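S.K.: Sharing a model that was predicted from the sequence below.
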Amino acid sequence: MEQTYTDWLDRLPLGPWGLTLVSAVIAMVAAWLLFQTGAAVVRRAVARSPSASLVTQASRRPAAYVLPLLALQFVLRAAPDDLSGIGLARQFTTIVLIAAVTWLVVRIVQACGDAVVLSRPIENISDNLMARRIQTQTKVVTRMVAGTVVLIGISLALMTIPDVRQIGTSLLASAGVAGIAAGLAARPVLGNLIAGLQIAFSQPIRLDDVVIVEGEWGRIEEITSTYVVVRIWDERRLIVPLQYWIEKPFQNWTRSSAQLLGTVFLWVDYRMPLQPIRDALKRVCEGSPLWDGRVCLVQVTDFSEKSMQLRCLVSTADSGKGWDLRCLVREELMSLLQKDYPEYLPRLRAEVDPPSDNTPHRPPAPEQRSPTPEHEHAVAPADKV
């Protein structure tokens, strides 16, 4: 029976590649059917787990290519070595298989990172410090691992080509100055890579952190492998290299907590009583949902020759509420001063002394003197006195 099947295949008008092609098609179809069956079983098994479902869905498409390519590779390896063009076919399918496996691993890594981010949301949560820390580490590490996998995949694909491998060996043997130049050229890339690792684990910044960098107030919107995107309060975007956050100082308003103290300064006359201002500030804070109930006080912080400076100190749960509460305090206190104490607003004082008896009498201006000689003669003795 086996001899009859072989003879039948030999009689097919497919040439030397006939048996290999038929076997390859059968193997790839069988691998595809096996993949479809396994995918259905896996989907049913992970249906109740959002994270596992996310990983399964992300890896489904590349896995659909990996199994048939793997079956094709087995068939080509089993084919006769003297078959025309078999070496080129093996090399091509090997490169394609490496690319598919690299794609599959990258998708799995990215899906695992997305699953971790999904399990730690930061929206609509008052205290999201831990979630932001985990999301920052996950996204930075995911990008670095995915980039490493791609680099390894490209290296393995190039190593399957004998000519390229020989060229690579020759280049390594004669590296010399070229290696030094390449190292200097790659220094920014390596610096950003190291800075990314430092940011991922030491975390001077995290996603959604409130920072002041280059004189701009904004939030960390995105952390990539080379730069950080800061969303400025007026919807602009500030692009900052990763190395900047390691080498230069900046302000992070949410490093350990989002709570902040806000200040409002007033300049009033020395006669202004402080208790009405304290009462008004307390009334504003207690009537506003922006205040977190921690700090609400008025202090005299400075004197000048014209007025005294008052500092109103209030506390809020985050910087956004702090800004709004400070604006509200300014409006209410200014209304209080304008309505009830307008005379105690800052004013410029000047003291004018009355003329004394010892002040010498000055003659009237020429245009005020009488033109008659009699009057001049009467005034002359007084001028001499």
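M.R.: Perfect, thanks for sending it. Numbering: from 1, shown residues only.

S.K.: count of residues packed around the closest residue in space to Arg347 that isn't next to it in sequence?
M.R.: Closest residue in space to Arg347, ignoring its immediate chain neighbours: Asp269 at 6.0 Å, by C-beta to C-beta, 6 or more residues apart in numbering. From N, CA and C alone the C-beta is placed, and that goes for glycine too. Asp269: 16 surrounding residues under other C-beta atoms under 10 Å.

S.K.: so Arg237 touches Tyr227, yeah?
M.R.: No: shown here, Arg237 and Tyr227 do not form a contact pair, counting by C-beta atoms under 8 Å, at 10.7 Å.

S.K.: Looking at the two, which one has more neighbours?
M.R.: Using other C-beta under 10 Å, the more surrounded residue of Arg237 and Tyr227 is Tyr227, with 17 against 11.

S.K.: Please report phi then psi for that one.
M.R.: Phi and psi for Tyr227, reported as degrees, to the nearest 10, are phi -150, psi 170.

S.K.: residue contacts, it?
M.R.: Shown in contact with Tyr227 (C-beta atoms under 8 Å, 6 or more residues apart in numbering): 192, 239-242.

S.K.: partners of it in the sheet?
M.R.: Pro241 (DSSP bridges).

S.K.: quick one: the strands in the stretch 251-385 of the chain?
M.R.: Using DSSP state E, counting those that start in this stretch, the strands of the stretch 251-385 of the chain run over residues 251-252, 260-268, 291-303, 308-316.

S.K.: Check these for me and report the most buried one.
M.R.: Greatest average neighbour count among those goes to strand 308-316 (a mean of 20), per mean count of other C-beta atoms under 10 Å.

S.K.: Which two of the contacts of Tyr227 have the greatest separation?
M.R.: Farthest pair in the contacts of Tyr227 (C-beta to C-beta) is Asn192 and Ile239. Separation: 12.9 Å.

S.K.: So which of those two has more stuff around it?
M.R.: Neighbour count, other C-beta under 10 Å: between Asn192 and Ile239, Asn192 has more, with 18 against 11.

S.K.: how's this structure carved up into domains?
M.R.: Following automatic domain parsing, one gets these domains for the chain: 1-119, 135-257, 260-344.

S.K.: how about those domains in CSV, adding distance to Glu351?
M.R.: Output for the domains of the chain, formatted as CSV (distance: least, C-beta to C-beta, whole Å):
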stretch, distance to Glu351
domain 1-119, 70
domain 135-257, 44
domain 260-344, 13
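
S.K.: how about the strands of the stretch 251-385 of the chain in CSV, adding distance to Pro204 and mean pLDDT?
M.R.: Below are the strands of the stretch 251-385 of the chain laid out as CSV (distance: least, C-beta to C-beta, whole Å; pLDDT from 0 to 100):
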stretch, distance to Pro204, mean pLDDT
strand 251-252, 7, 90
strand 260-268, 18, 91
strand 291-303, 26, 91
strand 308-316, 23, 93
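
S.K.: Show me the one of the ones you listed that comes nearest Ser335.
M.R.: strand 260-268 (12.4 Å).

S.K.: The closest one pairs with which strands, and in what direction?
M.R.: Assessed with DSSP bridges, strand 260-268 is paired to strand 308-316 (antiparallel).

S.K.: what's in contact with the partner strand?
M.R.: For strand 308-316, using C-beta under 8 Å, 6+ apart, the contacting residues are 259-270, 272, 274, 277, 281, 285, 290-303, 322, 325-326, 329, 333.

S.K.: re the thing from before, any chance of the strands of the stretch 251-385 of the chain in JSON lines, plus distance to Arg206?
M.R.: Formatted as JSON lines, those follow (distance: least, C-beta to C-beta, whole Å):
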{"stretch": "strand 251-252", "distance to Arg206": "9"}
{"stretch": "strand 260-268", "distance to Arg206": "17"}
{"stretch": "strand 291-303", "distance to Arg206": "22"}
{"stretch": "strand 308-316", "distance to Arg206": "20"}
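
S.K.: Span of stretch 252-262 from start to end?
M.R.: 15 Å (C-alpha to C-alpha, to the nearest Å).

S.K.: Could you number the chain from 305 rather than 1 from now on?
M.R.: All right, first residue 305 from here; so that's stretch 556-566.

S.K.: who touches it?
M.R.: Taking C-beta under 8 Å, 6+ apart as the rule, stretch 556-566 contacts 431, 433, 508-510, 512-516, 596, 598-599, 617-623, 626-627, 629-630.

S.K.: Any idea how many residues pack against Lys625?
M.R.: By other C-beta under 10 Å, neighbour count at Lys625 equals 21.

S.K.: That one touches Leu594, doesn't it?
M.R.: Yes: look at Lys625 against Leu594 with C-beta under 8 Å: they come within range, at 4.5 Å.

S.K.: Between the domains of the chain, which one is closest to Pro658.
M.R.: The nearest among these, by C-beta to C-beta, is domain 564-648 at 23.4 Å.

S.K.: Endpoint to endpoint, that closest one covers what distance?
M.R.: 31 Å.
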